[in-house]
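Asker: Predicted model and sequence follow; I will ask about them next.
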Amino acid sequence: MVGACLALVLAHQQYSYGNFRSRAEFVKAIDGVKNGWSEDRVRRLLGPPDRIVFSIENNRQTWQYGLDGPVTCPTLGTVEIEDGVVDGGTRNFFKLKPPPTSLVPEPLLRKILNVMWRPNDFLTQLDDGSSEPNDPLRLIRATNALQRLGTDGAISVINEYCRTVPRSIGFPWNDSWLFWLIRCAFVSSNPDYVFRPPRLGSYGVPDDLSTWPTFPVALINDFPISDFNGASLNGSPERFLHFENSDGLTIRPNALRPPDDPFLIYDEAMSFPGMSEEMLQREILRLVRNAYRPKLRFDGPLSRQEFEVLHKEYRSVGGHWDSTHELYARKDGKFDPDMYIDYSEQLVGSYDEAGTTTIVACRRLDLHRWKLINICLEAPNISVPTSFVAVRRQDSGVLVKGVRTSGLDVREIEPDQFFAKLALALHHGEADRQISSATMESQPGTRFIADIYVGQSLRTSFVFAP
């Protein structure tokens, strides 16, 4: 008995709560953070963040607490900081409280929050370049994790997710998937089990919802197909927690177990009024991505005959649902793990000279493209030649592209033309902050060298991998 209690204490102590001993204490402290607080004051109260996500162009930071790894959920909460002071507090508008450990123990809570989480700067990518947050695998895994908790436990975890990831309730466009998760994980108490469509704008709601009670999610053989592709906004969108509390909810009785061959639900899915054929095709390919990906990049929509070719390719690899890993695997049990791309702005390097700071950063746009950002910050009354950044591949030394801070995008510069272009780009700064950017293509992991010039003189270089 003593050994079991000691093991429980040690398991509990492996988690960090910043400067505090428990989640409840940390939440009470973070809710007290006010707009205008300095970074030092936040750090003294909460402790150092586990990760800082930068938005270099507007000098904004998101401090994340409670990470269990480099690509994990900030399970304790976040603080928004702009220009060195808190801006927006912690956005816990609804004063949400964490679930009691008697209802959801800390290890289980963190596990489920990480199952639910998809940060905006780390999104699962398909070869079509999409970054759809309404990923059917995400809906299935989150639904099954919540279903095991019962109604009260599931709702308390969703509320804690909303508290730790505040844009979920303040900015539905960034995380609208919560509206659709409710349709998968719960049963509505309304007549005909209809879920009220959230007020997100105009998006083709059927006149008779009894024919599609979970609109815009079609739940066919435990395969959640989202037909939501944005809306025409007319006013402020509804926040998720207003919606969550408007319907009587009961947790679904069984976990989701999608079919081994989800291509076979095609005809039934297309019978739903207004179902987009392109969205359906994308959803099927997203669902089976770990077992099968088309050889060619999917640009859809495909004809039914063309899509049937993909179906035959999927069947040839023996694709099936793996309930242990909750994804699709091939007949030999093997599968391809998801690729996560870092979309947060990455600081490449900076250089100071004569009161001017040159900052070089990059940001992934999708699997193939990324953007180089060059920012010039100038001290008052000091004007020097603007910096110029040239980017070359580390393996070959080939010059890729260059940008200067006036906004000129110098495309595909040949090495022998570089200094001629550079000479044309030189000018004297007229603003406190000048930003330019250029879009480039490469696979993740390709390494580059950024050379910072002032005038025609190379000042420093940085190696980076977008």
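Answerer: Okay, I see it. Residues are numbered from 1 along each chain as shown.
Asker: Thought residue 251 was touching residue 150, still the case?
Answerer: Yes: counting by CB atoms under 8 Å, residue 251 is a contact partner of residue 150 at 5.7 Å. Where C-beta positions appear, they are placed from N, C-alpha and C, glycine not excepted.
Asker: More neighbours: these two, which one.
Answerer: Each of residue 150 and residue 251 has its neighbours counted (other CB atoms under 10 Å); residue 251 has more, 18 against 13.
Asker: residues in contact with the residue nearest to the more buried one when sequence neighbours are not counted?
Answerer: Nearest residue to residue 251, sequence neighbours excluded (CB to CB, 6 or more residues apart in numbering): residue 151, at 4.4 Å. Taking CB atoms under 8 Å, 6 or more residues apart in numbering as the criterion, residue 151 is in contact with 186, 249, 250, 251.
Asker: so how far is residue 252 from residue 151?
Answerer: Here the criterion is CB to CB, to the nearest Å. By it, residue 151 lies 10 Å from residue 252.
Asker: Give the residues shared as contacts by the two.
Answerer: By CB under 8 Å, 6+ apart, residue 151 and residue 252 have these common neighbours: residue 186.
Asker: So the residue nearest to residue 251, which state does it fall into?
Answerer: When classified by DSSP: H, G, I helix; E, B strand; the rest coil, residue 151 comes out as helix.
Asker: Need the pLDDT of it.
Answerer: Residue 151 is assigned 94 on the pLDDT scale.
Asker: Do I have it right that residue 335 meets residue 321?
Answerer: No: counting by CB under 8 Å, residue 335 sits too far from residue 321 to count as a contact (10.9 Å).
Asker: between those two, which one's more packed in?
Answerer: Counted by other CB under 10 Å, residue 335 and residue 321 do not tie: residue 321 has more neighbours, with 22 against 18.
Asker: The more buried one: what's it in contact with?
Answerer: Going by CB under 8 Å, 6+ apart, residue 321 touches 257, 258, 259, 260, 327, 328.
Asker: Now with 6 Å, please.
Answerer: Residue 321 makes contact with 258, 260, 328, according to CB atoms under 6 Å, 6 or more residues apart in numbering.
Asker: Equivalent analysis for residue 73, please.
Answerer: By CB under 6 Å, 6+ apart, the contact list for residue 73 reads 113, 114, 117.
Asker: Once you drop chain neighbours, what's closest to it?
Answerer: residue 117 (3.7 Å).
Asker: same deal with residue 99?
Answerer: The nearest residue in space to residue 99 (CB to CB, 6+ apart) is residue 156, at 3.6 Å.
Asker: now do residue 337
Answerer: residue 290 (7.2 Å).
Asker: And the helices in the stretch 101-250 of the chain, which stretches?
Answerer: For the stretch 101-250 of the chain, the helices defined by DSSP state H, counting those that start in this stretch occupy 106-116, 136-147, 150-164, 167-170, 177-185, 240-244.
Asker: Quick one: distance of the fifth one to the chain centre.
Answerer: Relative to the mean C-alpha coordinate of its chain, helix 177-185 is positioned 17 Å out (CA atoms, centre = their mean, to the nearest Å).
Asker: Helix 150-164 and that helix, what's the angle between them?
Answerer: Put simply, helix 177-185 runs at 170 degrees to helix 150-164, going by axes from the mean of the first three to the mean of the last three CA atoms, to 10 degrees.
Asker: mean confidence for helix 177-185?
Answerer: What helix 177-185 shows for mean pLDDT is 90.
Asker: which residues does residue 458 bridge with?
Answerer: When bridges are called by DSSP bridges, residue 458 pairs up with residue 453.
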